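Student: Need a 3D model of the sequence below.
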Amino acid sequence: MGVISGRILACYFPLPFVPSRRGRGKFTFYDAVDRCRSRGTRNMTSADSSSPSDFIRDIIEKDLRSSKHQGRVATRFPPEPNGYPHIGHAKSVCLNFGIAAQYGGVCNLRMDDTDPSGESTEYVESIIRDVKWLGFDWQDRLYYASDYYEKLYQYAIELIGAGKAYVCDLNPDEIREYRGTLTEPGKESPYRNRSAEENMALFERMRAGEFPEGSRVLRAKIDMASPNVTLRDPIMYRIKKVNHYRTGDKWCIYPMYDFAHCLSDSLEGITHSLCTLEFENNRPLYDWFLKELKIHPRPQQIEFARLNLSYTVLSKRRLIELVEKGVVGGWDDPQMPTLSGMRRRGYTPEAIRNFCERIGVSKNDSLIDIALLEDCVREDLNEKAPRVMAVLRPLRVVIDNYPEGRSEEFDCPCHPKNPEMGSRKVPFSRVLYIERDDFHENPPKKFFRLAPGREVRLRYGYFIRCIGVIKDPATGEVSEVHCTYDPETKSGFAPDGRKVEATLHWVAAAHAVSAEVRLYDRLYRVADPLAEGSDHTEHLNPKSLETLHSCRLEPSLAQAAPGDRFQFERIGYFCVDTADSKGQRLVFNRTVTLRDAWARLRSRGEKIVDFEK
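Tutor: Residues are numbered from 1 along each chain as shown. Next comes the predicted model:
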């Protein structure tokens, strides 16, 4: 288990669940805290002799002890290239590649490109890029289901010849009607008892493109009365007269996932085929195809719960909807849960891998609290991100007794706990900017920052005391604060021992760098946007993005490159935008706040008035 900023984050244990409106459990950050306190702590971020254990690893270890598959372990990550990978895919990537590495096996990357509608080279490239970014290497084992089209066709011919598959002329609505329900058996198709020769001829004509789309399908002949609806003569091939991004118009019939999936696994020598729970009912069909085709050794399908994350949707169909309707700026929009969006926002692959390790795997669907993911990001960036000062909502401060025209430099550490990261020079002069929220003309109770007559410390600098303000005559808003400074407090401490209650960050006006800063928040207002089948767009957070155009940053950030990550002291972690930050235009994205602001709001029921010190 890991500990972040003194708080217990999570550990490996059966996840605690409480009923939710969708019948799922909800696993929160605070559940993890309570359970881990009761069981003790263990650092899961460092390698040790006690590898994580779960039901999947138990199965694999049993297979290894019995020499099943000759002691081999081979897994695969088989995404469909019809969208960009998201954080849910990351769980599967980490699981499949992680298990292969743990047991000295291999993991393939396979594009499950059996449906030409919506698939594209763009999505293939995004998958390859994101899996590499996560830190995994499939070496020369990049495969495509479309590479197996001819072999899959021959397997289908073999099943037709054995009387285990037939061409059916029912239309889609009729197939649904004949299939029956969960409580009523299905009815046999009137075309079910065609001869093998007739089926063979019809299937060849389907391949030749002689029939219109939707007019015929090839179905497996299993059991129309099976209590498992999946086994009621499922479709193996359908006619789709759509160009494939790899094979062009060579094929007009395409295999269904259930048929192609198990056979692709067998062709690649996969031993353990790890799938999410929605395929649990399909496992008997997976095994049926392998058995009827007399394939040995047979891969074993094992199901685990997919990732469901609070304040997020991970349905590819709904993510496509967000992109196509312009709700977000594209697949790599930092508001998206895609890996490309998270990368652009400033998430690190180490943080995502750590998150996937900590949530573990389960056989029960649950809703994981996004605070777990955010704290993994904070933990990683806390170690890596250099500290800088940035003022997002500037308020001008004039130090009246500081000489005009004079400036000096403070030597400031880039990381308070890592001297190896070095230091940077930060200029100081008579006119500064501080955060507007760091000043209050009539301070409320427990407001300890700058106010008339009050003294505060400037980070790495002097004590200053407010002696007056200038207001905008049109709005009455304070536009400038006048202060004096104590030159004897440069060390950050007063020689006479007097104390101040707050330390403020700042930048010197004459040397400040201008930047645009985008404050990203959760895309949805509610934890479960899909609860009770609701329209997720009704729960979009109107404050998921706030763009600030007049931010002032310390001059060291003028050289920041796209993708560079920093901690803006007292504010949060930020990343230089990789798409819009160009030339003299600096754009920063907020990766995550210093604290879980949402949790504080929920617990206090009030607006946050102070920053992380």
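Student: For the rest of this, base every contact and every neighbour count on C-alpha atoms.
Tutor: Will do.
Student: any low-confidence regions in this structure?
Tutor: Per-residue confidence for the chain (pLDDT under 70) gives these ranges: 1-52, 596-613.
Student: What segments of it are helices?
Tutor: Taking DSSP state H, the helices of the chain run over residues 29-39, 55-65, 87-102, 121-134, 149-161, 172-179, 196-207, 257-267, 283-292, 316-324, 339-345, 349-359, 370-384, 597-604.
Student: can you list the ones you listed in CSV and add distance to Asn401?
Tutor: CSV is the format used below for the helices of the chain (distance: least, CA to CA, whole Å):
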stretch, distance to Asn401
helix 29-39, 50
helix 55-65, 69
helix 87-102, 54
helix 121-134, 52
helix 149-161, 80
helix 172-179, 83
helix 196-207, 88
helix 257-267, 76
helix 283-292, 78
helix 316-324, 55
helix 339-345, 42
helix 349-359, 47
helix 370-384, 37
helix 597-604, 38
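Student: got a markdown table for these, with distance to Ser534 and mean neighbour count too?
Tutor: A markdown table is the format used below for the helices of the chain (distance: least, CA to CA, whole Å; neighbours: other CA atoms under 10 Å):
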| stretch | distance to Ser534 | mean neighbour count |
| --- | --- | --- |
| helix 29-39 | 25 | 16 |
| helix 55-65 | 33 | 14 |
| helix 87-102 | 21 | 21 |
| helix 121-134 | 28 | 17 |
| helix 149-161 | 39 | 18 |
| helix 172-179 | 25 | 14 |
| helix 196-207 | 40 | 18 |
| helix 257-267 | 28 | 21 |
| helix 283-292 | 30 | 17 |
| helix 316-324 | 12 | 15 |
| helix 339-345 | 25 | 25 |
| helix 349-359 | 27 | 21 |
| helix 370-384 | 20 | 21 |
| helix 597-604 | 23 | 12 |
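Student: show me what contacts the residue nearest to the spatial centre of the chain?
Tutor: Centrality entry for the chain: nearest residue to the mean C-alpha point is Ile87, 2.8 Å, by CA atoms, centre = their mean. Residues near Ile87 by CA atoms under 8 Å, 6 or more residues apart in numbering: 307, 314, 337-339, 352.
Student: try it again with 6 Å
Tutor: For Ile87, the contacting residues are Pro337, by CA atoms under 6 Å, 6 or more residues apart in numbering.
Student: and the gap between Tyr485 and Gly583?
Tutor: Here Tyr485 is placed at a distance of 37 Å from Gly583 (CA to CA, to the nearest Å).
Student: of these two, who's got more company?
Tutor: Tyr485 (22 against 8; other CA atoms under 10 Å).
Student: Does the more buried one touch Ile464 like I think?
Tutor: Yes - Tyr485 is within contact range of Ile464, at 4.3 Å (criterion: CA atoms under 6 Å).
Student: got the end-to-end distance for stretch 285-301?
Tutor: With CA to CA as the measure, stretch 285-301 spans 11 Å from end to end.
Student: what's the burial count for Pro255?
Tutor: Neighbours around Pro255, by other CA under 10 Å: 23.
Student: Name whatever forms a beta bridge with it.
Tutor: Tyr237 (DSSP bridges).
Student: from what I can see it touches Tyr237, true?
Tutor: Yes - if you go by CA under 6 Å, Pro255 and Tyr237 touch, sitting 4.5 Å apart.
Student: do you know how far Leu367 is from Ile359?
Tutor: Note on Leu367: its distance to Ile359, by CA to CA, is 11 Å.
Student: what number of residues lie near the nearest residue to Val513 once chain neighbours are set aside?
Tutor: Take Val513 and drop its neighbours on the chain: the residue closest to it by CA to CA, 6 or more residues apart in numbering is Leu553, 4.9 Å away. Look at Leu553: counted by other CA under 10 Å, it has 24 neighbours.
Student: Likewise for Leu450?
Tutor: Using other CA under 10 Å, Leu450 has 27 other residues around it.
Student: Would you agree it is in contact with Asp437?
Tutor: No - Leu450 lies out of contact with Asp437 (CA under 6 Å); the separation is 9.3 Å.
Student: before we move on, the earlier item: out of the helices of the chain, which gets nearest to Ile470?
Tutor: Closest of these to Ile470 is helix 597-604, at 32.2 Å (criterion: CA to CA).
Student: how much space between the nearest residue to Arg179 once chain neighbours are set aside and Asn541?
Tutor: With sequence-adjacent residues excluded and distances taken as CA to CA, 6+ apart, Arg179 is closest to Gly186, at 4.4 Å. Remark: distance between Gly186 and Asn541 (CA to CA) = 45 Å.
Student: Tell me which of the two has more neighbours.
Tutor: Neighbour count, other CA under 10 Å: between Gly186 and Asn541, Gly186 has more, with 22 against 15.
Student: Run through the residues that contact that one.
Tutor: With CA under 6 Å, 6+ apart, Gly186 has these contacts: 178-180, 224-225.
Student: If we use 10 Å, what do you get?
Tutor: With contacts defined as CA atoms under 10 Å, 6 or more residues apart in numbering, the neighbours of Gly186 are 175-180, 223-227, 229, 232-233.
Student: repeat for Glu477
Tutor: 441, 469-471.
Student: Could you do Ala208 as well?
Tutor: 202, 250-253.
Student: Kindly report the same for Leu395.
Tutor: Taking CA under 10 Å, 6+ apart as the criterion, Leu395 is in contact with 432-439, 478-481, 506.
Student: Return a selection command, for use in PyMOL, containing the buried ones of these.
Tutor: Only the buried members of the contacts of Leu395 enter the following PyMOL selection, criterion being 16 or more other CA atoms under 10 Å:
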select buried, resi 432+433+434+435+436+438+439+478+479+480+481+506
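Student: Which member of the contacts of Leu395 is positioned nearest Arg387?
Tutor: Distance to Arg387 across the contacts of Leu395 (CA to CA) is lowest for Trp506, with 13.0 Å.
Student: Isn't that closest one up against Tyr462?
Tutor: No - at 11.4 Å, Trp506 does not count as touching Tyr462 under the criterion of CA atoms under 10 Å.
Student: where do the contact lists of those two overlap?
Tutor: Phe428.
Student: Span of stretch 536-549 from start to end?
Tutor: Distance across stretch 536-549, first residue to last, is 30 Å (CA to CA).
Student: What residues sit buried inside it?
Tutor: 536, 539-540, 545.
Student: Residues in contact with that stretch: which ones?
Tutor: Outside of stretch 536-549, the residues within contact range by CA under 10 Å, 6+ apart are 311-313, 318, 321-322, 327, 334-335, 392-393, 514-530, 587-590.
Student: Would you mind checking the residues you listed for buried ones?
Tutor: 311-313, 322, 334-335, 392-393, 514-530, 587-590.
Student: Can you verify my assumption that Cys407 contacts Ala509?
Tutor: Actually, residue 407 is Ser. It isn't Cys. No - in this structure Ser407 lies outside contact range of Ala509 using CA under 10 Å: 11.1 Å.
Student: Of these two, give the one with the bigger neighbour count.
Tutor: Ala509 (22 against 15).
Student: give me every residue that touches that one.
Tutor: Ala509 touches 394, 396-398, 427-434, 552-554, counting by CA under 10 Å, 6+ apart.
Student: change it to 7 Å
Tutor: Residues in contact with Ala509 (CA atoms under 7 Å, 6 or more residues apart in numbering) are 431-433.
Student: again with Ile157
Tutor: Applying CA under 7 Å, 6+ apart, the residues contacting Ile157 are Met200.
Student: rerun that using 10 Å as the cut-off
Tutor: When contacts are counted by CA under 10 Å, 6+ apart, Ile157 is found next to 151, 163-166, 196, 199-200, 203-204.
Student: now swap in Asn108 and tell me
Tutor: So Asn108 contacts 74-78, 96-97, 100, 137-143, 265, 268, 270 (CA under 10 Å, 6+ apart).
Student: Skip the chain neighbours and tell me the closest residue to it.
Tutor: Once flanking residues are discounted, Asn108 sits nearest to Arg76: 4.4 Å by CA to CA, 6+ apart.
Student: Compute the distance between that neighbour and Leu64, please.
Tutor: Taking CA to CA, one finds Arg76 at 18 Å from Leu64.
Student: swap in Met206?
Tutor: Between Met206 and Leu64 the distance is 44 Å, computed by CA to CA.
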